[in-house]
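>>> can't give you the sequence, but here's the structure:
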């Protein structure tokens, strides 16, 4: 459960991120500057993620190499590396970049918010003075910043059409988790709960498994993007208008063939 320190950290982190995004959205920045912002947030996330190794070492302790430092076990690990790839992607255009940016945005925003508010490391050791705990929160904050900036910086556009990329992103997570579990099985190692494929993430919520998490995420994204289109786009540009036009065109083609 969250305590006062955790609630304060979460509130301050989300407020600072919101203020920064509002500020940056009002600035006319060059593509070079936008890319620099992405690179800084991506590099900071990776550096903070691995920083506990050096803190342990220079403190005279045995460095604790976490499994998530070696392999992308969880959605946030995948989002971290995707953000780094997207930030350093040379030509930020094309179908591949569109998929990577979209997957990074949704995965990073969901993962960042959940990783801050329901941080397992903090829940197990609620001590912000422990760098191993604090860095887990900080790395989620910098990742969340970079992923939200993909939208603010104009790298992704919100819409119901995003659902295909979201689905592909979820499939990528499942494949990633299955491959990691298989590798551990092949080498005779203890099987990790990668992508929560083996066990539920929270014992107090037995209904929350990999299937329900995916369905909830898809439902939230669909509702959010549909509402956005309803208020931000003209009727002819909304998803249901385009879907209706597509269905009508298919019917017309069939009639013309007959």
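Ah, there it is. Note that the structure is a prediction, hence the values are computed from the model and not measured.
>>> tell me who's in contact with the residue nearest to residue 174 when sequence neighbours are not counted.
By the measure of C-beta to C-beta, 6 or more residues apart in numbering, the closest residue to residue 174 outside its immediate chain neighbours is residue 195, 6.3 Å from it. (Each C-beta comes from the backbone N, C-alpha and C, glycine too.) By C-beta atoms under 8 Å, 6 or more residues apart in numbering, the contact set of residue 195 is 73, 74, 75, 173, 174, 176, 177, 178, 180, 210.
>>> of the residues you listed, closest to residue 130?
The shortest approach to residue 130 among the contacts of residue 195 belongs to residue 74, at 20.0 Å (C-beta to C-beta).
>>> next one: phi and psi at that closest one?
Dihedral angles of residue 74 (phi, psi; degrees, to the nearest 10) stand at phi -130, psi 160.
>>> need phi/psi at residue 29.
Given degrees, to the nearest 10, the pair of backbone angles that residue 29 has is phi -100, psi 150.
>>> state the mean pLDDT of stretch 46-57.
Averaged across stretch 46-57, the pLDDT comes to 95.
>>> next, the buried residues of it.
46, 48, 49, 51, 52, 56 (16 or more other C-beta atoms under 10 Å).
>>> stretch 20-37 now?
Buried-residue list, stretch 20-37, by 16+ other C-beta under 10 Å: 21, 24, 34, 35, 37.
>>> where in the chain is pLDDT low?
Residue ranges of the chain with pLDDT under 70: 1, 253-258.
>>> mind listing the helices for it?
Per DSSP state H, the chain carries helices over the ranges 4-25, 31-58, 67-70, 75-88, 95-117, 120-124, 131-152, 163-186, 210-232, 239-257.
>>> packing partners of the first one?
With contacts defined as 3 or more C-beta pairs under 8 Å, 6 or more residues apart in numbering; DSSP states H and E, the secondary structure elements packing on helix 4-25 are helix 95-117, helix 131-152.
>>> nearest to residue 250, of the ones you listed?
helix 95-117 (23.4 Å).
>>> in that closest one, what counts as buried?
Quick answer for helix 95-117 (16+ other C-beta under 10 Å): 97-98, 100-117.
>>> most centrally placed residue in this structure?
Centroid-nearest residue in the chain: residue 108, 1.7 Å away (criterion: C-alpha atoms, centre = their mean).
>>> roughly how far does that residue sit from residue 151?
As judged by C-beta to C-beta, to the nearest Å, residue 108 and residue 151 stand 10 Å apart.
>>> before we move on, what about residue 8?
26 Å.
>>> sorry, back to before: between the buried residues of stretch 20-37, which sits nearest residue 162?
Checking the buried residues of stretch 20-37 one by one against residue 162 (C-beta to C-beta), the nearest turns out to be residue 21, at 18.9 Å.
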